[in-house]
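Asks: have a look; sequence and predicted model below, questions after that.
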Amino acid sequence: MSMELHRPGKESNRIALFALLLAGLAAWNIRDGLRDGGPWIAGLGVFFAAWAVFLTLTLVRRSVMARISEAQVDMQYITHTKSIPWDQIRWARLDPEGRAGLIAYRRPGDRRDRLAPFSIRAMGRDNTVALRDAVLAARPDLPDNAAAARTRGPGDTKGDSA
């Protein structure tokens, strides 16, 4: 079971269009700021240019939103990847009709849960369903909120995969 969840094409097109518009706005503001001597306008242009670069990095770095393997799920972010082994997942909220998804996990020795959030709009509903199905296949007893996970206790791994 190895699967990659790619960003939906519609979302990629939206990000590319927005990055292009920001780059144009940045060029316009920088040109006006340098020509008319307005440092605030040029500064705003530099801000828009940085935002456009950030969006371009998003397109390149996050074309694959998540990788699912037999051992773990890898959540891809712009600056890093969170590798979460199945047995370290404490709870997950993966409702494809919601606004955001959350996977809470705890590394050995941690006292608190770590979160791996993601936007359902960016991931796509079909990919969210695939991720939810993979998590539930690996961990069928998994609670969907922190309160239910706390009732299991810190050392209770009943039903956890080895």
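Replies: Happy to help now that I have it.

Asks: Three-state assignment for T56, please.
Replies: Per DSSP: H, G, I helix; E, B strand; the rest coil, the secondary structure class of T56 is helix.

Asks: tell me if I am right that P108 is in a helix.
Replies: No - assigned with three-state DSSP, P108 falls outside any helix and is coil.

Asks: what's it sitting at in phi/psi?
Replies: Main-chain torsions, P108, degrees, to the nearest 10: phi -60, psi 130.

Asks: before we move on, what about L59?
Replies: The phi/psi pair for L59 (degrees, to the nearest 10) reads phi -60, psi -40.

Asks: look up how far E11 lies from it.
Replies: Distance of L59 to E11, given as CB to CB, to the nearest Å: 10 Å. Using the backbone N, CA and C atoms, a C-beta is placed for each residue, glycine as well.

Asks: now R67
Replies: Using CB to CB, R67 is found at 18 Å from E11.

Asks: with G43 instead?
Replies: In terms of CB to CB, G43 sits 30 Å off from E11.

Asks: quick check: what element follows the one helix or strand E4 maps to along the chain?
Replies: Using DSSP states H and E, E4 falls within strand 3-6. Once the chain leaves strand 3-6, the next helix or strand it forms, by DSSP H and E, is helix 9-36.

Asks: what count of nearby residues applies to L55?
Replies: 19 (other CB atoms under 10 Å).

Asks: tell me the contacts of the closest residue to it other than its chain neighbours?
Replies: Spatial nearest neighbour of L55, chain neighbours left out: A19 (3.8 Å); criterion: CB to CB, 6 or more residues apart in numbering. Shown in contact with A19 (CB atoms under 8 Å, 6 or more residues apart in numbering): A52, L55, T56, L59.

Asks: may I see the residues you listed organised as JSON lines, with distance to D95 and pLDDT added?
Replies: Converted to JSON lines, the contacts of A19 look like this (distance: CB to CB, whole Å; pLDDT from 0 to 100):
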{"residue": "A52", "distance to D95": "32", "pLDDT": "93"}
{"residue": "L55", "distance to D95": "27", "pLDDT": "88"}
{"residue": "T56", "distance to D95": "31", "pLDDT": "89"}
{"residue": "L59", "distance to D95": "27", "pLDDT": "84"}
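
Asks: how about the helices of this protein, start to end?
Replies: 9-36, 39-61, 120-123, 125-138, 146-151 (DSSP state H).

Asks: of those helices, flag the one that's most buried.
Replies: Per-stretch averages of neighbours, counted by mean count of other CB atoms under 10 Å, single out helix 120-123 among these, with a mean of 19.
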